[in-house]
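Enquirer: predicted structure and sequence below. I'll ask about it afterward.
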Amino acid sequence: MSLDLRLLMLPGMGADARLFKDQIARFPNLQIPDWVEPLTNESLRSYASRFARVIDPGVPCIIGGASFGGIVALEMATHLKSVACVLIGSIRTPAELSWRWRVMRPLALLGPDKLASSAKLIASIPWLGEGMVRRLSRLARPESAFARWATCAVLRWQPSPLQGVQIFQLHGEFDHILPARNTRADTIVPGGSHALSLFNPSAVNDYLASVMQSVRVCSNCS
């Protein structure tokens, strides 16, 4: 296997390549593909399959992502020549979602088109926490179509079987969006929050470098 593995990373929901600016500076073989538009009510499996066909480098690669990007990367891994999948502040299964996400599952049944009006109505309930109100209010905005689809897709997510791909998981100690205690992270960044690539870039860069070295060593031993 070539030592020059292609590295593909997907940003979080509503984010873009700027999320990985420090990683782009460190890894010359890193690519941050733009999101493709989802189809109406498209599942994560279907979206990942279609997205993979668009960005497939046709060579062995490492794919990963931050938050929602990591979830999509997991689903894409089966459609690429992936040797590893790297999750940064992300999750392996829906079981790792926090209760704040799980209580929103009934909303996913409405679909992205009806989520905007429903989110706005529910956000007005007095006893909801500030974080939940903020999240629902963002979903209600007209420009949040991708976020509404992504939210519904995650809440309906049924993970695909993943074989022959190593999973590496880095998480922030104080991630309040996807709490570390719910995950099976290999490495916890002390004091780290959800946006690790922005606020703990050295930790993310060192982790990615160690993953690439580990994959290379394993491939050379086979």
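Expert: Received it, and whenever you're ready, just let me know what you need. Residues are numbered from 1 along each chain as shown.
Enquirer: use CA for all of it now, contacts and neighbours both
Expert: Fine.
Enquirer: how about low-confidence regions in the chain?
Expert: Filtered on pLDDT under 70, the chain yields the residue ranges 1-4, 120, 122-132, 217-222.
Enquirer: what's the domain layout of it?
Expert: If you go by automatic domain parsing, the domain ranges for the chain are 6-93+159-221, 99-153.
Enquirer: okay, how far is it across the last one, tip to tip?
Expert: End-to-end distance of domain 99-153: 17 Å, with CA to CA, to the nearest Å as the criterion.
Enquirer: among the domains of the chain, show me which one is buried the most.
Expert: domain 6-93+159-221 (a mean of 18; mean count of other CA atoms under 10 Å).
Enquirer: which secondary structure state does residue 188 sit in?
Expert: strand (DSSP: H, G, I helix; E, B strand; the rest coil).
Enquirer: residues in contact with it?
Expert: With contacts defined as CA atoms under 8 Å, 6 or more residues apart in numbering, residue 188 is in contact with 170-173, 180.
Enquirer: which parts of this protein are strands?
Expert: 6-10, 30-31, 61-66, 82-88, 166-172, 187-189 (DSSP state E).
Enquirer: for residue 104, which of those is the nearest?
Expert: Among those, the nearest to residue 104 by CA to CA is strand 61-66 (21.1 Å).
Enquirer: can you name every helix or strand that the closest one contacts?
Expert: On a contact count with 3 or more CA pairs under 8 Å, 6 or more residues apart in numbering; DSSP states H and E, strand 61-66 meets strand 6-10, helix 68-77, strand 82-88.
Enquirer: contacts for that strand?
Expert: Counting by CA under 8 Å, 6+ apart, 5-12, 70-74, 77, 80-90, 195, 212 sit against strand 61-66.
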